[in-house]
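Enquirer: Any chance you could fold what I've pasted below:
(2 chains)
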Amino acid sequence: DAKTTQPPSMDCAEGRAANLPCNHSTISGNEYVYWYRQIHSQGPQYIIHGLKNNETNEMASLIITEDRKSSTLILPHATLRDTAVYYCIVRAPMMDSNYQLIWGAGTKLIIKP
Amino acid sequence: DSGVTQTPKHLITATGQRVTLRCSPRSGDLSVYWYQQSLDQGLQFLIQYYNGEERAKGNILERFSAQQFPDLHSELNLSSLELGDSALYFCASSGGGEAFFGQGTRLTVV
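Expert: Coordinates of the predicted model:
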């Protein structure tokens, strides 16, 4: 599985869009980009994933560059409850495929009132 | 609710002891993953089982072992516990797509 690089921390004002970047320059053609978040010692929560097209769901949007070497998670209207550590993972979605062995530190997103 | 159940939620035990953490995956998910998260650290992958067989191993100590049973639930056994084993232990399950995490077991070794 490819490694990812994320900034260690970011701030965002409540009500504004939070844009979290992730670099995955060694991603393989069959690997998807997944985003999770962990709110203070709770179990990580799945947010969204994509292969090469942009994706949107009720929680967020995912923008993947054309060369697939980076992506951006967008929380359109951040609330205080979005304060969490956000992890970017890449993996092949096979039934027995492993998740990235090392998740890394992720990005600590702090939403400020 | 992720559908993944971990028990117990909290565990306090003494050094040198042995404990067993249990995980019930989401219905139909064949893969189970175990992670350790020490205070203010990232998730450290321990081990993965797929349909009863060990699939991948991370930096799991020899004092730790796991298994996945025919009904797909999994147990993580931690023995000869040390103070440094105090951590959150998460279980996740997957059917090939996104992983769903349990709420974790907080282990405190005193």
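
Enquirer: Just to check, B:Leu72 is in contact with B:Leu30?
Expert: Yes: with contact defined as C-beta atoms under 8 Å, B:Leu72 reaches B:Leu30; the gap is 6.7 Å. C-betas here are computed from N, CA, C, even on glycine.

Enquirer: what do the two both touch?
Expert: Contact criterion C-beta atoms under 8 Å, 6 or more residues apart in numbering or on different chains; residues shared by B:Leu72 and B:Leu30: B:Asn51.

Enquirer: Could you tell me which residues of chain B lie near chain A?
Expert: Within chain B, the positions lying close to chain A (C-beta under 8 Å from any C-beta of the partner chain) are B:2, B:4, B:30-31, B:33, B:35, B:42-45, B:48, B:50-51, B:55-56, B:58, B:88, B:90, B:92, B:94-104, B:106.

Enquirer: In PyMOL, how would I select the buried members of the residues you listed?
Expert: Only the buried entries of the residues of chain B next to chain A go into this PyMOL selection, using 16 or more other C-beta atoms under 10 Å in any protein chain shown:
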select buried, chain B and resi 2+4+30+31+33+35+43+44+45+48+50+55+56+58+88+90+92+94+95+97+98+99+100+101+102+103+104+106
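
Enquirer: which ones among the residues of chain B next to chain A are found in helices?
Expert: Using DSSP state H, no member of the residues of chain B next to chain A sits in helices.

Enquirer: what's the nearest residue to the residue of chain B found nearest chain A if we skip its chain neighbours?
Expert: Per C-beta to the nearest C-beta, the residue of chain B with the smallest distance to chain A is B:Phe101, at 3.4 Å. Once flanking residues are discounted, B:Phe101 sits nearest to A:Gly43: 3.4 Å by C-beta to C-beta, 6 or more residues apart in numbering or on different chains.

Enquirer: didn't that neighbour look like it was pressed against B:Arg106?
Expert: No: using C-beta under 8 Å, A:Gly43 makes no contact with B:Arg106, being 11.7 Å away.

Enquirer: which residue is nearest the centroid of chain B?
Expert: Chain B has B:Trp34 as the residue nearest its centroid, 3.7 Å off, counting by C-alpha atoms, centre = their mean.
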